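>>> sequence first, predicted model second:
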Amino acid sequence: MGIFNLIGGIFKPAAKLVDNLHTSAEEKLSLKNELVRMQNDIQGKVLEYETKLMEAQSSVIRAEATGHSWLQRNWRPITMLTFLALIILDSFGILKWRLNEQAWTLLQIGLGGYVVGRSAEKIIPAVVGRRRDAEEAKG
């Protein structure tokens, strides 16, 4: 969770400044509490943003998986098979030029996105179904 470390790093110098103020312990504590409240508010907004982002990504993946076009449903596996072929060809020195560092970074990002995407395709319907079942049980 690098973003939370970043947010904490932003507030840490302010907390040190409060420690160095020439004021009462009560006022220092009040200022520190306010800093912690602000930090928690920002972290809460980051979590909300991340949740909305994941929901948007999962809706895109769901739309692709249920699409009417063969290419729309299969572009991810085709891309990963292409990446696999490039890795094998590079490993055996068959490519005319070796894959450069940026290509390997792209492959890592692609593989990570593919794995997350495929997992989401399998998990999201189950989660949505359970949520729907829970709502029906309440109502």
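Structure's in. What do you need?

>>> any buried residues in stretch 54-71, and which?
Under the neighbour-count criterion of 16 or more other C-beta atoms under 10 Å, stretch 54-71 has 58, 61, 64, 65 buried. (Glycine included, C-beta is placed from N, CA and C.)

>>> please state the offset of the helix or strand hosting residue 71 from the chain centre?
In the assignment (DSSP states H and E), residue 71 maps to helix 70-91. The chain centre lies 23 Å from the centre of helix 70-91; the measure is C-alpha atoms, centre = their mean, to the nearest Å.

>>> what packs against that helix?
Judged by 3 or more C-beta pairs under 8 Å, 6 or more residues apart in numbering; DSSP states H and E, the packing partners of helix 70-91 are helix 25-65, helix 101-138.

>>> mean pLDDT lowest where, among the ones you listed?
For the helices and strands packed on helix 70-91, the weakest mean pLDDT is recorded on helix 101-138, namely a mean of 69.

>>> what sits against residue 73?
64, 65, 66, 67 (C-beta atoms under 8 Å, 6 or more residues apart in numbering).

>>> what's the distance between the first one and residue 52?
As for residue 64, its distance to residue 52 is 19 Å (criterion: C-beta to C-beta, to the nearest Å).

>>> kindly report the same for residue 18.
33 Å.

>>> the two: who's more crowded?
Taking neighbours as other C-beta atoms under 10 Å, residue 18 and residue 52 compare with residue 18 leading, 17 against 10.

>>> got a list of what the nearest residue to residue 72 once chain neighbours are set aside touches?
Nearest-residue entry for residue 72: residue 64, 5.7 Å, with adjacent residues in sequence omitted and distances by C-beta to C-beta, 6 or more residues apart in numbering. Going by C-beta under 8 Å, 6+ apart, residue 64 touches 72, 73, 75, 76.

>>> ok, now residue 90?
98, 99.

>>> if we use 10 Å, what do you get?
Shown in contact with residue 90 (C-beta atoms under 10 Å, 6 or more residues apart in numbering): 97, 98, 99, 103, 104, 107.

>>> pick the one among those closest to residue 136.
residue 107 (43.6 Å; C-beta to C-beta).

>>> pLDDT score for the residue nearest to that closest one when sequence neighbours are not counted?
The spatial neighbour of residue 107 that comes closest, neighbours along the chain excluded (C-beta to C-beta, 6+ apart), is residue 83 at 5.2 Å. According to the prediction, residue 83 has pLDDT 82.
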